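>>> Structure for the following, please:
(2 chains)
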There are 2 protein chains.
Amino acid sequence: MLIVFLGTAGSGKSTLTGEFGKYLETEGYNVAYVNLDTGVRSLIYMPDIDVRESITVDEIMKEGYGPNGAIVESYDRLMEHLEHYSTSIAELERKNDYVLIDTPGQMETFLFHEFGWRIMENLDAPLVVYLFDPGILRRLYDFCFVRFFAILIELRLGSAVVPVLNKIDTVDNLDGYRRYLEDMGSLTSRLKFDPSMQGYLAYKLCLTFPEVASPTRVLYISAKSHRGFEDLESVAHEHYCTCGDLT
Amino acid sequence: MLIVFLGTAGSGKSTLTGEFGKYLETEGYNVAYVNLDTGVRSLIYMPDIDVRESITVDEIMKEGYGPNGAIVESYDRLMEHLEHYSTSIAELERKNDYVLIDTPGQMETFLFHEFGWRIMENLDAPLVVYLFDPGILRRLYDFCFVRFFAILIELRLGSAVVPVLNKIDTVDNLDGYRRYLEDMGSLTSRLKFDPSMQGYLAYKLCLTFPEVASPTRVLYISAKSHRGFEDLESVAHEHYCTCGDLT
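Residues are numbered from 1 along each chain as shown, chains lettered A, B, ... in the order given. Purely as a prediction, here's the structure:
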């Protein structure tokens, strides 16, 4: 099974890759790890495949690039190694129960750069775990934003996406988050009375949500405490064993 | 008038900020420039406000952070200067015809970090120019992706958004791009016959597009040759003078 961890810088992709891998190994599975982040300096897991063998952001910065330019340039240069990495990941998959893929620190590098969708189209039905943290859910429309963001990831990468709220160890009112992340009806009714332009846009989007979204659960995890890891394991099984039904 | 240039690293935000500013100055306007990118090393314009006075990614990397962590950390630290920058931008606006705001190199820093929406909510009806380049439009669903991405920017930042295809000097068949960026009906009918899961998702999204999207033109520009700059100027005028009608 291939699981791809995607999210903004700081959302906890690398930590989750390492901790979820540890958990799966304890459960008796063979687990392999892939690092696609050219910018990361240290990892809590030992990658079996590591794009930093081809190029790192630090090396490119030494050529005089600024950090933003160096990140983009590193994926431009990785394009020539695309086939190598695709083939190596496929090999890892044959030999392991799980292959956990950690993506670039900046999510947009994977979503917008050709490297992202090209490598995804070469993989065999990967499941994308879209990580976000409680910090971005401050206003009602932010809930609508993350649900639609997950849809756009699916559209761009062509893979099933599970939205996952990470860092739940940092929140007291998890039920408040669950309510608006899971119950689109409840969110839509609240947004109906929001007089702002943003509220109205969110309302219109939420109304169309049931028509456009693939049915999927939202998961709640803590990479730190391993809370929710069983759910993530179940969803991965459902994805591979029941034809992508993630409800 | 406040114009905010947003797009992924490499989409041409800084070049457009500088070149469009030059164009406006030649037209006789007073123009001020704001740089919100902590990671940029050199700019082709002289910023009147520059967040690098408070903090830079390079400085944070010297503390031992990797490039991704340093980018996030720089905006965490900028949060304490939020009011200062909001007030300074408002002052610039009173003294100038145009204030052009160049955003962080990585678009997600602005879209996902609190710094982004907080500074936007303090500005007076800014117009967001969402820049993307022809390189990301390879497949039919990519056209659907960028049109919906613009909607999600509007949802998150609460401002009117104009989608702008930049770097048109690099393409031969601009009409091919225009067709699917502008004529949602034409895109939808083509997607109807795409048998892939991605095609079906794009089809469903495109069907809902007229219900959810604010009416707006798509612009086609070249920051290099200044092609399309008159259109951008008109749209900015329409935004400020005709209550946000950008059609």
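
>>> what's stretch A:57-67 in contact with?
Under the criterion Cβ atoms under 8 Å, 6 or more residues apart in numbering or on different chains, residues A:38-39, A:41, A:69-71, A:73-74, A:77, B:39-41, B:57-58, B:61, B:66-67, B:70-71, B:105 lie in contact with stretch A:57-67. Heads up, the C-betas are built off the backbone N, CA and C, glycines and all.

>>> Let me see the contact set for residue A:189.
Neighbours of residue A:189 in contact, by Cβ under 8 Å, 6+ apart: none.

>>> Please report phi then psi for residue A:5.
phi -100, psi 120 (degrees, to the nearest 10).

>>> Name the nearest residue to it, ignoring sequence neighbours.
Nearest non-adjacent residue to residue A:5, counting by Cβ to Cβ, 6 or more residues apart in numbering or on different chains: residue A:13, 4.3 Å away.

>>> per-residue pLDDT, the nearest residue to residue A:169 once chain neighbours are set aside?
Distance criterion Cβ to Cβ, 6+ apart; nearest residue to residue A:169, sequence neighbours excluded, is residue A:222 at 4.1 Å. pLDDT for residue A:222: 97.

>>> Enumerate every residue touching residue A:222.
Contacts of residue A:222 were listed using Cβ under 8 Å, 6+ apart, and they are A:166, A:167, A:168, A:169, A:228.

>>> quick one: residue A:18 from chain B, how far?
Per Cβ to the nearest Cβ, to the nearest Å, residue A:18 is found 16 Å from chain B.

>>> What ranges does chain A have for its strands?
Counting by DSSP state E, the segments of chain A that form strands are A:2-7, A:31-35, A:49-50, A:98-102, A:127-132, A:160-165, A:219-220.

>>> Buried ones among the contacts of residue A:222?
A:166, A:167, A:168, A:228 (16 or more other Cβ atoms under 10 Å in any protein chain shown).

>>> In CSV, list the C-alpha atoms belonging to the longest helix along chain A.
In chain A, assigned by DSSP state H, the helix with the most residues is helix A:140-157. Provided in CSV are the C-alpha atoms of helix A:140-157 (Å, rounded to 0.1, in the frame of the first residue of the first chain):
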residue,chain,number,x,y,z
LEU,A,140,-16.4,29.1,9.7
TYR,A,141,-15.3,29.5,6.1
ASP,A,142,-11.9,27.9,6.9
PHE,A,143,-13.8,24.6,7.4
CYS,A,144,-15.2,25.0,3.9
PHE,A,145,-11.8,25.9,2.6
VAL,A,146,-10.0,22.8,3.8
ARG,A,147,-12.8,20.5,2.6
PHE,A,148,-12.6,22.0,-0.9
PHE,A,149,-8.8,22.1,-0.8
ALA,A,150,-8.9,18.3,-0.4
ILE,A,151,-11.1,18.1,-3.5
LEU,A,152,-8.7,20.2,-5.5
ILE,A,153,-5.8,17.9,-4.4
GLU,A,154,-7.8,15.0,-5.7
LEU,A,155,-8.4,16.9,-9.0
ARG,A,156,-4.8,17.8,-9.5
LEU,A,157,-3.2,14.5,-8.4
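
>>> Low-confidence regions, chain A specifically.
In the predicted model, chain A carries pLDDT under 70 at residues A:242-247.

>>> that older thread, ok, the residue nearest to residue A:5 touching residue A:130?
No: using Cβ atoms under 8 Å, residue A:13 makes no contact with residue A:130, being 10.1 Å away.

>>> separation between the closest residue in space to residue A:157 that isn't next to it in sequence and residue A:110?
Counting by Cβ to Cβ, 6+ apart, residue A:120 is the residue found nearest to residue A:157 once chain neighbours are left out, at 4.6 Å. Distance from residue A:120 to residue A:110, counting by Cβ to Cβ, to the nearest Å: 9 Å.

>>> Tell me the bridge partners for the residue nearest to residue A:89 when sequence neighbours are not counted.
Nearest non-adjacent residue to residue A:89, counting by Cβ to Cβ, 6+ apart: residue A:34, 5.9 Å away. Note on residue A:34: beta-bridge partners by DSSP bridges are residue A:49, residue A:101.

>>> Name all residues that make contact with residue A:34.
Counting by Cβ under 8 Å, 6+ apart, residue A:34 touches A:47, A:48, A:49, A:50, A:89, A:92, A:99, A:100, A:101, A:102.

>>> Same list, the residues you listed, but as TSV with neighbour count and distance to residue A:203 please.
Output for the contacts of residue A:34, formatted as TSV (neighbours: other Cβ atoms under 10 Å in any protein chain shown; distance: Cβ to Cβ, whole Å):
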residue	neighbour count	distance to residue A:203
A:47	21	44
A:48	18	46
A:49	18	44
A:50	19	45
A:89	22	41
A:92	20	45
A:99	26	40
A:100	26	37
A:101	26	36
A:102	26	36
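
>>> closest to residue A:240 among those?
Of all the contacts of residue A:34, residue A:99 has the smallest distance to residue A:240: 12.0 Å, by Cβ to Cβ.

>>> now the helices for chain A?
Under DSSP H, chain A gives helices at A:13-26, A:57-62, A:67-78, A:82-95, A:107-112, A:114-121, A:140-157, A:174-182, A:184-192, A:197-212, A:229-241.

>>> Columns distance to residue B:174 on top of these, output as TSV?
Formatted as TSV, the helices of chain A follow (distance: least, Cβ to Cβ, whole Å):
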stretch	distance to residue B:174
helix A:13-26	38
helix A:57-62	32
helix A:67-78	24
helix A:82-95	28
helix A:107-112	21
helix A:114-121	21
helix A:140-157	23
helix A:174-182	41
helix A:184-192	38
helix A:197-212	30
helix A:229-241	41
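
>>> how near is the residue in chain A sticking out farthest from the centre to chain B?
What lies farthest from the middle of chain A is residue A:195; by Cα atoms, centre = their mean that is 32.7 Å. Residue A:195 is 13 Å from chain B, where distance means Cβ to the nearest Cβ.

>>> cool, residue A:2 as well?
Separation of residue A:2 from chain B (Cβ to the nearest Cβ): 16 Å.

>>> Skipping adjacent residues, who's closest to that residue in space?
Nearest non-adjacent residue to residue A:2, counting by Cβ to Cβ, 6+ apart: residue A:126, 3.9 Å away.

>>> Residue A:10 against residue B:70, yeah?
No: shown here, residue A:10 and residue B:70 do not form a contact pair, counting by Cβ under 8 Å, at 11.1 Å.

>>> Same drill for those two, tell me which one is more crowded.
More crowded of residue A:10 and residue B:70, by other Cβ atoms under 10 Å in any protein chain shown: residue B:70, with 24 against 21.

>>> what's near enough to touch that one?
Neighbours of residue B:70 in contact, by Cβ under 8 Å, 6+ apart: A:67, B:57, B:60, B:61.

>>> likewise residue A:169?
Neighbour list for residue A:169: A:222, A:224, A:225, A:227 [criterion: Cβ under 8 Å, 6+ apart].

>>> out of the residues you listed, who has the most neighbours?
residue A:222 (19 neighbours).

>>> if I look at it, how far off is residue A:175?
In this view, residue A:222 and residue A:175 are 16 Å apart by Cβ to Cβ.

>>> go on, residue A:159?
Counting by Cβ to Cβ - residue A:159 and residue A:175 are separated by 30 Å.

>>> So if I had to pick from the two, which one is more boxed in?
For residue A:159 versus residue A:175, neighbours defined as other Cβ under 10 Å are more numerous around residue A:159 (22 against 8).
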